[in-house]
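Engineer: need a structure here:
(one chain, ligands or ions: 2)
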Amino acid sequence: MPRMHAMVLDRPRTLLVMRERPVPRPGPGEVLVEVKACGVCRTDLHVVDGELPDPKMPIVPGHEIVGRIAAIGEGVSALAVGARVGIPWLGWTCGACSYCRSGRENLCDRPLFTGYTRDGGFATHALADARYCFALPHAADDAGVAPWLCAGLIGWRSYRMAGEGERLGIYGFGAAAHLLVQVAVWQGRKIYAFTRPGDTAAQRFARNLGANWAGGSDEAPPEPLDAAIIFAPIGALVPAALKAVKKGGRVVCGGILTREDAREFLDVAPRARLRSEITRYPLAKANEALSDLRGGRLQGAAVLVP
Ligand SMILES: [Zn+2]
Ligand SMILES: [Zn+2]
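Structural biologist: Residues are numbered from 1 along each chain as shown. Ligands and ions are numbered 1, 2, ... in the order given. Next comes the predicted model:
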């Protein structure tokens, strides 16, 4: 029987351990993906650190999966063996609750999340529900596309919710922001990037990506903003952002997205010639990637490559 490798979390707040397992067979409606790259996201840290309720344990983290379909289960017709797909955080929804039935599956009462309540992509192979996989454009390499699947999508949803205003503030300049800025600049928006006070490297990074202005989150922007998006999970940024936007302006906090958001974003991203700033790690170095992310030692995104 063919074997696979996975980085497994047995208990919260422990290191991931490399395990060998038989390659699983896809069940009805599922696909088996050979993982080519998997991004490492702040949410993976929350899973590993036990900060999210009721995770599946043991769990294989990772929800920014780029892979090729290696096998398809019964009833899967939309995807074929060999196709390049992306697998994001939202791994399954019930289709029956009031949220699912009103087009808000991102709020489903009984969802499954990749790398949290079902095994994810810190592995050589992963199973996924075919309906939650996305065909990926061929515009960038596998590792470069991986961060699009969470950071990129979350940025996109927040961006859409921020409205059409020209001047857009972004608080927290990490993986999501660095992708979003490129799309926003491509669409002719003016970006004001707010970083940790004194983080001149991040401010330079933001300006290099096309931001009009970059400064500390304790500074006022040079002109009032039409809207602001907060990516950093810091409550004190909300009043700061509210002060920076003009009367009637919007402040949006990042959140979970729907498949519709994903389809839109995956259509726009290659047209905007989106480039991810990434640091590659071999799969076996997943713990190192997590610790670099935790310690703020990364610019852009960490990506595991099996
Ligand atoms: Zn994520
Ligand atoms: Zn539901």
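Engineer: can you count the residues close to the closest residue to ligand 1 within the stretch 51-200 of the chain?
Structural biologist: Using Cβ to the ion, C150 is the residue of the stretch 51-200 of the chain that sits closest to ligand 1, at 3.1 Å. Backbone N, C-alpha and C define where each C-beta goes, glycine included. C150 has 30 neighbouring residues, counting by other Cβ atoms under 10 Å.
Engineer: need the pLDDT of it.
Structural biologist: Model confidence at C150, given as pLDDT, is 84.
Engineer: kindly report the same for the one 10 residues further on.
Structural biologist: We have a pLDDT of 86 for R160.
Engineer: I'd like to know how far the closest residue to P2 other than its chain neighbours sits from ligand 1.
Structural biologist: In space, P2 comes closest to V23 once its chain neighbours are excluded; the distance is 4.5 Å by Cβ to Cβ, 6 or more residues apart in numbering. Here V23 is placed at a distance of 25 Å from ligand 1 (Cβ to the ion, to the nearest Å).
Engineer: might you report the residue contacts of A232?
Structural biologist: Contacts for A232 (Cβ atoms under 8 Å, 6 or more residues apart in numbering) come out as 171-172, 174, 217.
Engineer: taking these together, which two end up most distant?
Structural biologist: Comparing all pairs in the contacts of A232 by Cβ to Cβ, the longest separation belongs to G174 and S217, at 12.9 Å.
Engineer: show me the shaky parts of the stretch 151-300 of the chain.
Structural biologist: 233, 254-257 (pLDDT under 70).
Engineer: what's the answer for the stretch 1-150 of the chain, then?
Structural biologist: 139.
Engineer: pull up the residues of it that are close to ligand 2.
Structural biologist: 93-94, 97, 100, 108 (Cβ under 5 Å from the ion).
Engineer: list only buried entries from the residues you listed.
Structural biologist: Those of these that meet the buried threshold are 93, 97, 100, 108, by 16 or more other Cβ atoms under 10 Å.
Engineer: what's the burial count for the spatially closest residue to P224 that is not a sequence neighbour?
Structural biologist: In space, not counting the residues next to it along the chain, P224 is nearest to K246; the distance is 3.8 Å by Cβ to Cβ, 6+ apart. Neighbourhood size, K246 [other Cβ under 10 Å]: 12.
Engineer: secondary structure element for K246?
Structural biologist: If you go by DSSP states H and E, K246 is part of strand 245-253.
Engineer: tell me the SS of the nearest residue in space to Y132 that is not next to it in sequence?
Structural biologist: Distances taken as Cβ to Cβ, 6+ apart place G91 nearest to Y132, at 5.5 Å, with adjacent residues excluded. The local conformation at G91, judged by DSSP: H, G, I helix; E, B strand; the rest coil, is strand.
Engineer: and G91, what does it touch?
Structural biologist: Applying Cβ under 8 Å, 6+ apart, the residues contacting G91 are 63, 111-114, 117-118, 128-129, 132.
Engineer: just the contacts of A232: which are in helices?
Structural biologist: Residues of those located in helices (DSSP state H): none.
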